[in-house]
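K.L.:
Sequence first, predicted coordinates after that:
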Amino acid sequence: MTDLPADAVPDRARERVGKAAGPFSAWELGLAVRYLRAKRKEGGVALIAGISFVGIMLAVFVLIAVMSIMAGFRAELLGRMLSFNGHMYVQGQVLNADDREQRLNALVGLPQVISATPLIESAAMFRAGGQVTGGLVRGIRPGDLDSMTFVHASLDPADRARFGQGAYGGDNVLIGKALAQQLGVNVGSPITLYSPTGADSAFGNLGGQEKTYIVGGIFSSGAADYDRAYIFMPLEQAQLFFGKEGMWDVIEIKVTEPDRVAEVLQPVQRTAGPGSLVSDWRNRLAAFWGALQVERVAMSIILGMLVVIATLNIISGIVMLVKNKTRDIAVLRTVGASPASMLRVFFVAGAAIGVAGTTAGIVLGLVFCLNIAAIQHFLEGLLGIQLFNAEVYMLDAVPALVDPWDVFWVAVLAMGASCLASFLPAWRASRLDPVEALRYE
């Protein structure tokens, strides 16, 4: 016996098939679903269909999870780096203009601009506790420290209040946590700074400026390289120490949407005035940004191949299904079913596996990404180990950022590959000659 529906037998079947609705009508969809139901004698088809479903589901899940985690790390890392460094930089004539304060206020008033901060930044040597190392000293106005969100939040409120106030009987500076550990200093400890250039005098630049400061606070930016390399100093003190009294090295600007910083370049250029040079974080972090983009594309292609490979199992399942249903195909063709109808029946049977697997994989991936912190902490409690060391990675959980466009393209890829894999054996079924098929039955 065949698996044809009761109304697909001669006499009534010829009339029903002949009068069937257009493409993907109810009887085509019903027949495709019936063929996918497992039977003991056709367990091989059901097994391959099940393997195909699981394979596609896991491939889609892995692709969404990995891309979301990569996006989370990218957003977290860029957020910390841009919080420390700023989004745009203005240099040139505006730094020495007579009306630079007015221009600075005008920059702050631009749409999308959060802050505009004048800076002094120069290299120096640091000495404390018998240890010597090098780095950068950044002069900043005490009131602008809150624009550096991670640095500002990591400081003790009392240390923030002391910055620039001459606490501990002397000038105080802020140093990073990694640098403090390297030099073995704490809040209140002395630290000596040496600059290769000093203040100008009647005899020229004396050079070799050296001065001892007090550690007024220890910050943590979330990036150990920055914490090890930078010391913050009040702007006026930095100008005196480096012989740049009354000067600015750069104006650092932060905007509301760093990814759309290109939209602000022209307004900032006009406001800064002629002779000003405006750049953004994409120029200064070009190598890092390019590496992130290449890594993202490469991982997407590699993991996307997993989805394509998983869909290839559909070909095996539909080929076996067509072989087992040869007699059914011949009977249906005899009673009036068109080759296109046969193609659609087996195409739907294969595509249904892909659609179901893709849907399940998307749901599983979203549930995993949206609850990744809870899953991590559950595993840590269950195994009794720390999977993610906050002291090393500056995070207490794996970040995951679900991008709707990533999910969309994963779904398109998985369903497209499933449909292509289903079409090939379905096309073979549509080309089957009913006379040749019944000859050996």
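P.N.:
On my side now, so go ahead.
K.L.:
before we move on, what SS does the closest residue to M88 other than its chain neighbours have?
P.N.:
Nearest residue to M88, sequence neighbours excluded (Cβ to Cβ, 6 or more residues apart in numbering): I253, at 4.0 Å. Where C-beta positions appear, they are placed from N, C-alpha and C, glycine not excepted. At I253 the chain is in strand, as set by DSSP: H, G, I helix; E, B strand; the rest coil.
K.L.:
and I253, what does it touch?
P.N.:
86-90, 107, 113, 115-117, 268 (Cβ atoms under 8 Å, 6 or more residues apart in numbering).
K.L.:
which ones are touching L303?
P.N.:
Contacts of L303 by Cβ under 8 Å, 6+ apart are 59, 62-63, 66-67.
K.L.:
Okay, buried residues for the helix or strand containing it please.
P.N.:
Element membership for L303, per DSSP states H and E: helix 286-324. Judged by neighbour count (16 or more other Cβ atoms under 10 Å), helix 286-324 contains these buried residues: 292, 300, 303-304, 306-308, 310-311, 313-322, 324.
K.L.:
Okay, and which of the contacts of L303 map to helices?
P.N.:
59, 62-63, 66-67 (DSSP state H).
K.L.:
Which residues outside stretch 150-157 are in contact with it?
P.N.:
Residues outside stretch 150-157 that contact it (Cβ under 8 Å, 6+ apart): 80, 83-84, 145-146, 160, 174, 177, 187, 217-222, 232.
K.L.:
What average pLDDT does that stretch get?
P.N.:
The predicted model assigns stretch 150-157 a mean pLDDT of 77.
K.L.:
May I have it as PDB, with CA atoms only?
P.N.:
This file holds the C-alpha atoms of stretch 150-157, laid out as PDB (Å, rounded to 0.1, in the frame of the first residue of the first chain):
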ATOM      1  CA  PHE A 150      34.900  54.300  33.600                       C
ATOM      2  CA  VAL A 151      37.700  56.400  35.200                       C
ATOM      3  CA  HIS A 152      35.300  58.600  37.000                       C
ATOM      4  CA  ALA A 153      33.200  55.800  38.300                       C
ATOM      5  CA  SER A 154      36.200  53.800  39.500                       C
ATOM      6  CA  LEU A 155      37.500  56.600  41.700                       C
ATOM      7  CA  ASP A 156      36.600  57.000  45.300                       C
ATOM      8  CA  PRO A 157      34.400  60.100  45.700                       C
END
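K.L.:
Now do the strands in the stretch 51-200 of the chain.
P.N.:
Taking DSSP state E, counting those that start in this stretch, the strands of the stretch 51-200 of the chain run over residues 88-92, 113-128, 131-140, 172-176, 190-195, 200-201.
K.L.:
mind putting the ones you listed in JSON lines, mean neighbour count and mean pLDDT included?
P.N.:
Shown next, in JSON lines, are the strands of the stretch 51-200 of the chain (neighbours: other Cβ atoms under 10 Å; pLDDT from 0 to 100):
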{"stretch": "strand 88-92", "mean neighbour count": "20", "mean pLDDT": "88"}
{"stretch": "strand 113-128", "mean neighbour count": "19", "mean pLDDT": "89"}
{"stretch": "strand 131-140", "mean neighbour count": "17", "mean pLDDT": "90"}
{"stretch": "strand 172-176", "mean neighbour count": "25", "mean pLDDT": "88"}
{"stretch": "strand 190-195", "mean neighbour count": "18", "mean pLDDT": "90"}
{"stretch": "strand 200-201", "mean neighbour count": "10", "mean pLDDT": "51"}
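K.L.:
how about these in TSV, adding distance to L31?
P.N.:
Formatted as TSV, the strands of the stretch 51-200 of the chain follow (distance: least, Cβ to Cβ, whole Å):
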stretch	distance to L31
strand 88-92	63
strand 113-128	62
strand 131-140	73
strand 172-176	69
strand 190-195	81
strand 200-201	92
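K.L.:
Quick one: closest of these to R74.
P.N.:
strand 88-92 (20.0 Å; Cβ to Cβ).
K.L.:
Contacts for the closest one, please.
P.N.:
By Cβ under 8 Å, 6+ apart, strand 88-92 touches 107, 116, 249-255, 261, 264-265, 268, 272, 275-281, 284.
K.L.:
wait, what's in contact with the spatially most central residue of the chain?
P.N.:
Nearest to the mean C-alpha position of the chain, counting by Cα atoms, centre = their mean, stands A71 at 1.2 Å. The contact partners of A71, taken as Cβ under 8 Å, 6+ apart, are 400-403, 406.
K.L.:
In ChimeraX, select just the buried ones from those.
P.N.:
Selection of buried members from the contacts of A71 for ChimeraX, criterion 16+ other Cβ under 10 Å:
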select :400,401,402,406
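K.L.:
Inside helices: which ones of the contacts of A71?
P.N.:
D406.
K.L.:
Let's see the pLDDT reported for A360.
P.N.:
93.
K.L.:
same question, E28
P.N.:
Reported pLDDT for E28: 73.
K.L.:
Neighbours of it, how many?
P.N.:
E28: 24 surrounding residues under other Cβ atoms under 10 Å.
K.L.:
And the helix or strand that contains it, what's buried?
P.N.:
Using DSSP H and E, E28 falls within helix 26-36. The neighbour-count check on helix 26-36 (16+ other Cβ under 10 Å) flags 27-28, 31-32, 35-36 as buried.
K.L.:
now stretch 420-438
P.N.:
For stretch 420-438, by 16+ other Cβ under 10 Å, it's 420-423, 425-426, 428-430, 432, 434, 437.
K.L.:
pLDDT weak spots in the stretch 151-300 of the chain?
P.N.:
166-170, 197-208 (pLDDT under 70).
K.L.:
Could you pull out the buried residues of stretch 151-159?
P.N.:
So, applying 16+ other Cβ under 10 Å, buried residues of stretch 151-159: 151, 154-155, 159.
K.L.:
can you confirm K211 is in a strand?
P.N.:
Yes - assigned with three-state DSSP, K211 falls within a strand.
K.L.:
so it bridges to which residues?
P.N.:
L193 (DSSP bridges).
K.L.:
For it, grab the count of nearby residues.
P.N.:
Around K211 there are 16 residues (other Cβ under 10 Å).
K.L.:
Which residues are in contact with it?
P.N.:
Neighbours of K211 in contact, by Cβ under 8 Å, 6+ apart: 171, 192-193, 241.
K.L.:
quick one: which of those residues is nearest A356?
P.N.:
L193 (65.7 Å).
K.L.:
shouldn't the closest one be in contact with A238?
P.N.:
No - counting by Cβ atoms under 8 Å, L193 does not reach A238; the two are 10.1 Å apart.
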